[in-house]
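Trainee: Pasting the sequence and the predicted model now:
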Amino acid sequence: MSEDNPFDHNDIDDVIHGRLRLGVMAYLSSVSPAVFGELRDKVGATDGNLSTHLKKLEEAGYVQQEKRFVGKKPQTRVFLTDTGRKAWLIWIARMEAIMKAAE
C-alpha cells in the first residue's frame with residue numbers, strides 16, 4: 001500500500017476481490033474445510049461457477065481441494081491454505097485502510 005496515497009487500488013488482490021471468490025474466502029476463513037455443496041449453497045453459486053472460481057483460488061495457492069468418498073458417495077472438501085489465510089488478512093487490512101481514509 002502506498003503510504004502517500006491510501007486510495008491506491010493497485011495492490012488489491014484481484015484473485016480475492018472478485019465477488020464470488022470474496023464470498024468463498026470469507027466463508028472458508030470461518031469454516032475450513034467446507035464440503036463443496038455447503039460452500040456452493042453459502043455463496044449462492046452453481047456447481048460449474050464455483051468450480052471455475054475454486055480453480056483460480058487453487059492456482060493462487062489460496063485453497064486446496066480434497067476429494068474422498070463418504071460411504072460410496074464422492075465428496076470434495078475445500079480448505080483455506082496458510083497462504084490463503086495470509087492473503088485474506090492482507091486483503092481485509094487493505095480494505096480497512098481504504099475505508100478509514102474515506103471517513
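Mentor: Structure's in. What do you need?
Trainee: helix or strand for Pro45, which one?
Mentor: For the record, residue 45 is Ala, not Pro. Using DSSP states H and E, Ala45 sits within no helix or strand.
Trainee: What's the per-residue pLDDT of it here?
Mentor: Listed pLDDT for Ala45 reads 97.
Trainee: ditto for Met1
Mentor: We note a pLDDT of 52 for Met1 in this prediction.
Trainee: what sits against the residue nearest the centre of the chain?
Mentor: Taking C-alpha atoms, centre = their mean, the centroid of the chain lies closest to Met25, which sits 2.4 Å from it. Applying C-beta atoms under 8 Å, 6 or more residues apart in numbering to Met25 gives the contacts 16, 57, 62, 80, 84, 87-88, 91. Every residue, glycine included, has its C-beta placed from N, CA and C.
Trainee: now with 7 Å?
Mentor: Residues in contact with Met25 (C-beta atoms under 7 Å, 6 or more residues apart in numbering) are 16, 62, 84, 88.
Trainee: Now, those that are in helices?
Mentor: Among those, the ones falling in helices (DSSP state H) are 16, 84, 88.
Trainee: count of neighbours near the last one?
Mentor: Okay, so that is Trp88. 19 (other C-beta atoms under 10 Å).
Trainee: So which residues of this protein form helices?
Mentor: Taking DSSP H, the helices of the chain run over residues 14-17, 19-30, 36-43, 47-59, 82-102.
Trainee: Same list (those) but as TSV, adding distance to Asp4.
Mentor: Listed next are the helices of the chain as TSV, based on distance: least, C-beta to C-beta, whole Å:
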stretch	distance to Asp4
helix 14-17	22
helix 19-30	27
helix 36-43	36
helix 47-59	31
helix 82-102	11
